[in-house]
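K.L.:
my questions are about this predicted structure, shown below with the sequence.
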Amino acid sequence: MRDPSDDQFSDTEDEGDPSGEEVVLSALQLKLMRVLWQRGEASVADVVAELAKSRELAHTTVATMLSRLARRGVVSVERDGRQLLYRPLISERQVRRGMVAEMVRTLFSGSSDALLTHLVTEREVAADDLARVQELLRQAEHDDD
């Protein structure tokens with residue numbers, strides 16, 4: 001099950017990152033991981049069935065992708081009878097952190113200020129989200145005092 005505290009503004013630290021490195025995933029890998037985060041564990045057939053709701057993928061494609069994620073230390077794999085069960089070893093928040101950091105490095109030359117400026121000037125942030133960010137900034141200033 002997905003942890004409800006794992007929202008986009010959560011500021012708690014994650015535990016259990018096996019590599020300590022940033023994790024960047026492709027769009028398809030991210031879809032596979034979302035199935036695992038939602039279910040907690042899943043077989044290849046489970047993932048194929050879940051993804052079939054939006055995209056048809058071959059069983060072998062999903063098996064290969066999960067195997068590669070296991071080699072990277074992103075998921076664990078355990079034999080259960082004739083099937084393999086995969087479990088996420090990293091949180092969605094950890095992946096989000098790594099992917100945002102990569103985006104900031106590649107698209108904004110490492111400047112998070114440039115990212116924030118882009119989001120505000122291009123009207124990519126809804127007013128209520130902007131109000132939430134402003135509240136977080138006020139709290140951060142208060143915590144620094």
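P.N.:
Arrived safely, thanks for sending.

K.L.:
next, Leu85: secondary structure please.
P.N.:
Applying DSSP: H, G, I helix; E, B strand; the rest coil to Leu85 yields a three-state assignment of strand.

K.L.:
just the pLDDT at it, thanks.
P.N.:
We note a pLDDT of 98 for Leu85 in this prediction.

K.L.:
spit out the contact partners of it.
P.N.:
41-43, 77-79 (CB atoms under 8 Å, 6 or more residues apart in numbering). Every C-beta, even on glycine, is put in place using the N, C-alpha and C of the backbone.

K.L.:
just Arg138 next, same as before
P.N.:
So Arg138 contacts nothing (CB under 8 Å, 6+ apart).

K.L.:
in what helix or strand does it lie?
P.N.:
helix 127-144 (DSSP states H and E).

K.L.:
and that helix, how far out from the chain's middle?
P.N.:
23 Å (CA atoms, centre = their mean, to the nearest Å).

K.L.:
same question for that helix, mean pLDDT?
P.N.:
84.

K.L.:
what's the answer for stretch 33-43, then?
P.N.:
Here the average pLDDT along stretch 33-43 is 97.

K.L.:
chain center to it: distance?
P.N.:
12 Å.

K.L.:
low-confidence stretches in this protein?
P.N.:
1-20, 145 (pLDDT under 70).

K.L.:
and if we set it to 80?
P.N.:
1-21, 123-124, 144-145 (pLDDT under 80).
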